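Chemist: Got a sequence here, can you build the structure:
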Amino acid sequence: MALRACGLIIFRRCLIPTVDKPAIEFLLLQASDGIRHWTPPKGHVEPGENDLETALRETQEEAGIAADQLTIIEGFRRELRYVAWEKPKTVIYWLAEVKDYDVEIRLSREHQAYRWLGLDEACQLAQFKEMKAALQEGHQFLCSTAS
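Modeler: Numbering: from 1, shown residues only. Next up, the predicted model:
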């Protein structure tokens, strides 16, 4: 049976970008187990949940960010398909902006670290090509819809 998970590609905008502080930063969490990979918060769909509810719940559980601290960006949804633990897996991501640039991150035991990163650094840490592509597409979407 295929695994299904959902998550949010969380970002924040810097009002005054500099060389050291890009205009858009993505939140990545480092897993505590396995290869200690870096990803946005995500997790498996539980019975009775829809996909977006799962993404919001997992973000609250893994990063301590509640739904009311986020704005879901309309028009962006990416579905990643790959093999994990020798089983096909589908992960659906939405883009979400934190309302407070300095939002407090509270990690669960599933993660050991977090970082806010510009696109290039986020892609370097992401490791998996599907995740890199989702970050790049999210960044491009945000840049193309900026007012």
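
Chemist: Residue 102 and residue 60, how far apart?
Modeler: 18 Å (Cβ to Cβ, to the nearest Å). All C-beta spots, glycine's among them, are computed from the backbone N, C-alpha and C.

Chemist: Who has more neighbours out of those two?
Modeler: Taking other Cβ atoms under 10 Å, residue 102 and residue 60 do not tie; residue 60 has more neighbours (17 against 6).

Chemist: what helices or strands is the lengthiest strand in the chain leaning on?
Modeler: Longest strand of the chain, by residue count under DSSP state E: strand 70-84. Judged by 3 or more Cβ pairs under 8 Å, 6 or more residues apart in numbering; DSSP states H and E, strand 70-84 is in contact with strand 3-13, helix 51-63, strand 87-98, helix 129-145.

Chemist: quick one: low-confidence parts of the protein?
Modeler: For the chain, applying pLDDT under 70 flags the ranges 1-2, 17-20, 146-147.

Chemist: State the number of residues packed around the closest residue in space to residue 45 that isn't next to it in sequence.
Modeler: Among residues not flanking residue 45 along the chain, residue 54 sits closest, at 4.6 Å (Cβ to Cβ, 6 or more residues apart in numbering). Neighbours of residue 54 under the rule other Cβ under 10 Å: 20.

Chemist: Repeat that for residue 35.
Modeler: 7.

Chemist: quick one on the thing from earlier: between the longest strand of the chain and helix 51-63, how big is the angle?
Modeler: 90 degrees (axes from the mean of the first three to the mean of the last three Cα atoms, to 10 degrees).

Chemist: What lies in contact with strand 70-84?
Modeler: 3, 8-10, 52, 56, 59, 88-99, 128, 130-131, 134, 137-138, 141-142, 145 (Cβ atoms under 8 Å, 6 or more residues apart in numbering).

Chemist: are any of those residues buried, and which?
Modeler: When the contacts of strand 70-84 are checked for burial by 16 or more other Cβ atoms under 10 Å, the buried set is 8-10, 56, 59, 89, 91-98, 131, 134, 138, 141-142.
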